[in-house]
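>>> below: sequence and its predicted model.
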Amino acid sequence: MSESSDRHEQLPMETSGEPDHPRTEGNADSSHVYTMRISRLTIDKLGIKLYDRVAAVLAELIANSYDADAENVTVTLPWGAFLYDPKAPHLSAAYEITITDDGHGMTPAEINQHYLTVGADRRTRTGSDKSRGKNRPVMGRKGIGKLAPFGICKTVEVISSGGEKTPDGYLTSHLILHLPDMLADTEKDYNPEIGERDGTFAENHGTVIKLRDFSRKRVPSQEELNRQLAARFGLERSDWRVCVKNASSLSEEFTLGQLKIDLMEGTRIDLANRPVPFESSFLPVTGYVAYSEKSYKDANMAGVRIYARGKFVAQTMDFGIATGFHGEFKLRSSIVGELHAEWLDEDEDLIRSDRQDIIWSSDLGEALAAWGQDLMVELAKRNEEHARRAKTRFFMEASKLEEKLAEAAPADPVYRDSVKEAAALLVRDSDRDSLKDPEHVERISRLAMSLGPHRSLLQTLREVADTTETTVDAVMDLFHKAHIAEMYSLGQVAAERLEVVSKLEALIADGKTLERPLQELIEQAPWLLAPEWTPLGMNESLKRVRASFEAWYAKKFGQEINTTAIERKAKEPDFVLLHDSGILWIVEIKRLGYKLTDAEFLNAMNYLHSLQKFLDENPELGRQFPYRKLTFVVDHIDRLNAVSLSSLESDPHVTRKTWHEVLDSTKRAHKDFLERVEATAGGWTPVAPDPAPRVISPRSPDTTETNEPSETAQGQLEL
């Protein structure tokens, strides 16, 4: 067993002592004795304070076994247990952790010279940075890792057999260290307790370390412990094996290996041919960086783990790169990798004492950081390209676009290629969940097939896709710039809008239409309320906001609400939720001829305030919708009291329209559009809507204008 493998930049010191003789004027030849003493409390600072996790302590002891040329190390401890339970101290007393190795061991003289000497540089003292027999690059340096066990326990027992083999075997050292005695506030030397095997002989060389009398520390489960220990080491050798056994069931064991992480296909970058530029030379590195396929199982798997001499020395999520580069959120949440740089632990000591980071402010640290930041930008681009290709493949399978194109244009490969390119550009920035929605997929398919024949429009789409992360949402602006009225399925667009306007006219003319058919029509054609709105503006983010807001509301107020008239036809919606260009819009729809009451006005206002509170508490969603508004579509407000009327008129976030105003404004807004459609089409006549558009049947055909509460009003929550 060799000395420690830990690091420490500066030891706390106490100086004391007086000269043998007081100094006198002119007594240049007087001889003084100065003494430096290291406080016993250093043990607390270097042991308990630096090592407070079981896996970190085990890593130090295993590293010592490696430096002692051990080929086999066995660690035995109770998996998944709290080492000390104040409610059951008698059970905790039975727990023990043992680390057994077959290294060269230590004689009593070596115990005193190496193991019991705290803070001496192992490599300077021995004159070599290689192990005694196998010439391994040793992990230890500063000689304080031996104190690591005191971060989790109070008693450490050492049994080590080494030196030259005699006819009786190897001389054994046996000592027991007690933390309370070591921390005594005294300047006297500490003498560990002598064990019963001290001075005896053993058949084989090696060392056993036993830990007892634990503080309240938890041993990870088998899976966790395996990952945590694997993350601490980055080496594989044929003459090196670590076996970890469960003390509660010795048949349960695992062999320490490399940390296994599922990598995202196409994102791995090997580092062997990417040395770090430094001054006029290059510093060699090995390893890889990539994106993980799945979420991290624990923090040990996140980021890039940095190793020197096979042992963990640092972990970084991004090499300190500044924010603002494309793909940074995905990179910081999914980057994985391991980097081996032996020069971090050679001539210059660049590793922190707790081996949790390197000294990035050093010249070598700054060179590594600059190199790593360039690597991060490249990795982000590689992942972006891979993700886009994967989404395109997913979309093509979900939409069956290949089959549709083969049927629609079997003899026109140029058109088919154009459509597929347009589809790839339209889905490149879509999230995976949105591509699971059949309606959204079908909408993109139709749009791609309409764009395919128009080469100039396709070129403009390429330019938009390279400058925005919301390709589909930006397409409507693209249509305007590219004169889409002449180019994009003009007849179909015109016919659909004419049909919707006719349907609204019929619903209003009916005079008895209730909320539900009006709500469904508004959701299907939001441009009726704001003519610049289109179904393409209703992207998938709205669905996520709806679901999240409804769940938040139910948890906060103990009652469910429904914000859509289309997706859940069995439920009467409390209100319709729409959005456009950063505005999230609550639309409170009342049946024709209805008179709004104060209770309903207050209820809707409370919905608006709740939505604002929800978005403020969830800033990632809130940033998508910085403006929140409420619109009442109701014919009469003469039942409102003065306070409600004043609020309606003065609050900039609240507006009101009658149904006839909705119809009139829609007709005016689309008058020029419809005239241009007809002129551009060169006499084309749009498909006429049904002479009597189907109207969703009201719940009560004989409903009058009275204010009997509807199902919607009855279901609203008074906040």
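In hand now; what should we look at? Numbering: from 1, shown residues only.

>>> return the helix or strand in the chain with minimum mean pLDDT.
helix 711-715 (a mean of 32; mean pLDDT, DSSP states H and E).

>>> helices of the stretch 351-500 of the chain, residue ranges please.
In the stretch 351-500 of the chain, the helices defined using DSSP state H, counting those that start in this stretch lie at 363-399, 401-408, 413-427, 438-451, 455-467, 471-481, 484-487, 490-510.

>>> identify each buried residue in the third one, please.
Which is helix 413-427. Judged by neighbour count (16 or more other Cβ atoms under 10 Å), helix 413-427 contains these buried residues: 416, 418-427. (C-beta placed from N, C-alpha, C; glycine too.)

>>> elements contacting it?
Packed against helix 413-427 by the contact rule (3 or more Cβ pairs under 8 Å, 6 or more residues apart in numbering; DSSP states H and E) you find helix 363-399, helix 401-408, helix 438-451, helix 455-467, helix 471-481.

>>> I'd like those helices laid out as TSV, including mean pLDDT and distance to H114.
Listed next are those as TSV, based on pLDDT from 0 to 100; distance: least, Cβ to Cβ, whole Å:
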stretch	mean pLDDT	distance to H114
helix 363-399	86	29
helix 401-408	86	71
helix 438-451	82	68
helix 455-467	59	63
helix 471-481	52	65
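
>>> three-state assignment of V242?
strand (DSSP: H, G, I helix; E, B strand; the rest coil).

>>> just the pLDDT at it, thanks.
At V242 the predicted local confidence, pLDDT, stands at 94.

>>> residues in contact with it?
62, 73-75, 229, 255-256 (Cβ atoms under 8 Å, 6 or more residues apart in numbering).

>>> need phi/psi at I111.
Per-residue torsions, I111: phi -60, psi -50 (degrees, to the nearest 10).

>>> which residues touch the closest residue to it other than its chain neighbours?
Setting aside the residues directly before and after it, I111 is nearest to S173 in space (Cβ to Cβ, 6 or more residues apart in numbering), at 4.8 Å. By Cβ under 8 Å, 6+ apart, the contact set of S173 is 106-108, 111, 158-161, 198.

>>> and S173, helix, strand or coil?
Assignment for S173 (three-state DSSP): strand.

>>> that older thread, indicate which one of the helices and strands packed on helix 413-427 is closest to V500.
V500 sits nearest to helix 438-451 of all the helices and strands packed on helix 413-427, at 16.3 Å, using Cβ to Cβ.

>>> quick one: pLDDT of K330?
Reading off the model, K330 has pLDDT 67.

>>> for G162, the count of nearby residues, please.
If you count neighbours by other Cβ atoms under 10 Å, G162 ends up with 23.

>>> and the chain, what are its domain boundaries?
Per automatic domain parsing, the domain ranges recorded for the chain read 38-255, 269-373, 400-487, 492-715.

>>> for T392, which non-adjacent residue is closest in space?
A424 is the one closest to T392 (Cβ to Cβ, 6+ apart), at 4.6 Å.

>>> distance check, that neighbour against L171.
74 Å (Cβ to Cβ, to the nearest Å).

>>> pLDDT of stretch 426-435, averaged?
The pLDDT scores in stretch 426-435 average 74.

>>> would you mark the buried spots in it?
Buried positions in stretch 426-435, judged by neighbour count with 16+ other Cβ under 10 Å: 426-430, 434-435.

>>> ranges for the strands of the stretch 201-350 of the chain?
All strands of the stretch 201-350 of the chain, identified by DSSP state E, counting those that start in this stretch, fall at 201-202, 206-214, 241-246, 249-255, 269-270, 276-278, 281-283, 286-291, 303-308, 311-316, 335-340.

>>> which residues are contacting the longest one?
Meaning strand 206-214. Residues from elsewhere that reach strand 206-214 (Cβ under 8 Å, 6+ apart): 1, 57, 61, 65, 68, 70, 83-84, 92-93, 95-103, 105-106, 149, 152-162.

>>> same question for the first one.
The contact list for strand 201-202 (Cβ under 8 Å, 6+ apart) reads 161, 166, 168-172.

>>> re earlier: per-residue pLDDT, the residue nearest to I111?
Note for S173: predicted pLDDT of 93.

>>> do the same with T98
Here, the pLDDT recorded for T98 equals 97.

>>> in contact with it, which residues?
So T98 contacts 74-77, 208-211 (Cβ under 8 Å, 6+ apart).

>>> check which helix or strand it maps to.
In the assignment (DSSP states H and E), T98 maps to strand 97-101.

>>> I'd like the next helix or strand past that strand.
Next helix or strand after strand 97-101 toward the C-terminus (DSSP H and E): helix 108-110.

>>> tell me the buried residues in that next one?
Buried positions in helix 108-110, judged by neighbour count with 16+ other Cβ under 10 Å: 108, 110.

>>> contact partners of it?
Taking Cβ under 8 Å, 6+ apart as the rule, helix 108-110 contacts 162-163, 171, 173, 198-199.

>>> in stretch 64-73, which residues are buried?
The neighbour-count check on stretch 64-73 (16+ other Cβ under 10 Å) flags 64-70, 73 as buried.

>>> run the chain-centre distance for that stretch.
How far stretch 64-73 lies from its chain's middle: 37 Å, per Cα atoms, centre = their mean, to the nearest Å.

>>> now do the end-to-end distance for it.
Terminal residues of stretch 64-73 lie 10 Å apart, using Cα to Cα, to the nearest Å.

>>> next: stretch 215-222.
End-to-end distance for stretch 215-222: 21 Å, by Cα to Cα.

>>> so for it, mean pLDDT?
Stretch 215-222 shows a mean pLDDT of 89.

>>> check stretch 596-607 too.
Taken as a whole, stretch 596-607 has an average pLDDT of 90.

>>> can you list the buried residues in it?
Going by neighbour count (16+ other Cβ under 10 Å), the buried part of stretch 596-607 is 596-597, 600-601, 603-605, 607.

>>> and that stretch, C-alpha only, in PDB?
Provided in PDB are the C-alpha atoms of stretch 596-607 (Å, rounded to 0.1, in the frame of the first residue of the first chain):
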ATOM      1  CA  LEU A 596     -72.400  39.300 -19.700                       C
ATOM      2  CA  THR A 597     -72.800  39.300 -15.900                       C
ATOM      3  CA  ASP A 598     -70.400  40.700 -13.300                       C
ATOM      4  CA  ALA A 599     -69.700  37.200 -12.000                       C
ATOM      5  CA  GLU A 600     -68.700  36.000 -15.400                       C
ATOM      6  CA  PHE A 601     -66.500  39.100 -16.000                       C
ATOM      7  CA  LEU A 602     -64.700  38.600 -12.700                       C
ATOM      8  CA  ASN A 603     -64.300  34.900 -13.400                       C
ATOM      9  CA  ALA A 604     -62.600  35.500 -16.800                       C
ATOM     10  CA  MET A 605     -60.400  38.200 -15.300                       C
ATOM     11  CA  ASN A 606     -59.300  35.700 -12.600                       C
ATOM     12  CA  TYR A 607     -58.500  33.200 -15.400                       C
END
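
>>> what separates that stretch from the chain centre, distance-wise?
Taking Cα atoms, centre = their mean, the mean C-alpha location of stretch 596-607 is offset from the chain mean by 40 Å.
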